[in-house]
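Visitor: build the 3D model from these lines:
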Amino acid sequence: MSRLKFIRSEDLPLVLTPMDISEVLGISRNTAYEVIHSQGFPSFRVGKQYRISRERFLKWLEGHAA
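Guide: Down below sits the predicted model:
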């Protein structure tokens, strides 16, 4: 059983990686990339890498938790 390194939202880095999203949501890396590519997900690219703002991710998560 893996241990989450993020216990509170304040523990998240300001800019998340796909692997951070995978860990927070408890999903596989491949599924995290599917989520990142989904319409309305707040990701952006830096070169060839995807990044996600913590603030925008938390707002997105609140909107999908209902």
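Visitor: so which bits of the helix or strand in which residue 34 is found are buried?
Guide: Per DSSP states H and E, residue 34 falls inside helix 29-37. Within helix 29-37, the residues scored as buried using 16 or more other Cβ atoms under 10 Å are 32-33, 35-36. (Glycine included, C-beta is placed from N, CA and C.)
Visitor: of those, closest to residue 45?
Guide: Within the buried residues of helix 29-37, the smallest distance to residue 45 is 10.0 Å, found for residue 36 (Cβ to Cβ).
Visitor: measure that closest one to residue 55 for me?
Guide: For residue 36, the distance to residue 55 equals 16 Å [Cβ to Cβ, to the nearest Å].
Visitor: nearest residue to the middle of the protein?
Guide: Centrality entry for the chain: nearest residue to the mean C-alpha point is residue 21, 2.9 Å, by Cα atoms, centre = their mean.
Visitor: wait, doesn't that residue sit right on residue 36?
Guide: Yes: in this structure residue 21 lies within contact range of residue 36 using Cβ atoms under 8 Å: 6.8 Å.
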